[in-house]
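Participant: quick check, what structure comes out for this input:
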Amino acid sequence: MKALKFSTLSALLALSLFASFVCAENGIANNDHAALVKHYENLAKEAEAKLQENKAALEEYEGHSYYYGRQGMDLHSHTLGNIRHYEESLKENLSNAEQHRKMVSGQENPINKAKINLDRDSTAVR
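Facilitator: Down below sits the predicted model:
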């Protein structure tokens, strides 16, 4: 029985340490939305640069496919896969940046719950 409890506790401890490591991986606190906006925008810029590189490589493969032979067909399909991946990554990072941008604007204009008018039927003290 003690071994079961110990193994369960050790597994939970390891999981919590792993979760905290993943959250602190980029060195940004979870509630620092302005820094997260910048982080996701930087990731989006990197994805955009890689996307443009792969699009240029794809044009090269398509324009001079006779230079590459069979290996060129593999490079072509691999580059198409990379383009799809970077487009998806770009879209996801821009979406994350936009979500955190909204959170930043929410932090700048916090709702003061004390000033919200309550319903007349409420029994709360005003």
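
Participant: for the chain, which helix or strand comes out least confident on mean pLDDT?
Facilitator: Least confident element among the helices and strands of the chain, by mean pLDDT, DSSP states H and E: helix 2-23 (a mean of 52).

Participant: that one: what's the following helix or strand?
Facilitator: Downstream of helix 2-23, the first helix or strand assigned by DSSP states H and E is helix 33-63.

Participant: which helices and strands does that following helix pack with?
Facilitator: helix 65-108 (3 or more Cβ pairs under 8 Å, 6 or more residues apart in numbering; DSSP states H and E). In short, each C-beta sits where N, CA and C put it, glycine included.

Participant: neighbours of Tyr40, how many?
Facilitator: For Tyr40, the count of nearby residues is 20 (other Cβ atoms under 10 Å).

Participant: ugh, wrong one, I meant Gly106
Facilitator: 11.

Participant: any idea how far it is from His76?
Facilitator: The spacing between Gly106 and His76, counted by Cβ to Cβ, to the nearest Å, is 46 Å.

Participant: repeat for Ala29
Facilitator: Applying Cβ to Cβ to Ala29 and His76 gives a distance of 43 Å.

Participant: higher neighbour count, the two?
Facilitator: More neighbours surround His76 than the other of Ala29 and His76, with 17 against 10 (other Cβ under 10 Å).

Participant: so what's the closest residue to that one other than its chain neighbours up against?
Facilitator: Leaving aside its sequence neighbours, His76 sits nearest to Tyr61 (Cβ to Cβ, 6 or more residues apart in numbering; 4.7 Å). Neighbouring residues of Tyr61 by Cβ atoms under 8 Å, 6 or more residues apart in numbering: Tyr68, Gly72, Leu75, His76, Thr79.

Participant: what subset of the residues you listed is buried?
Facilitator: Neighbour counting with 16 or more other Cβ atoms under 10 Å marks Gly72, Leu75, His76, Thr79 as buried within these.
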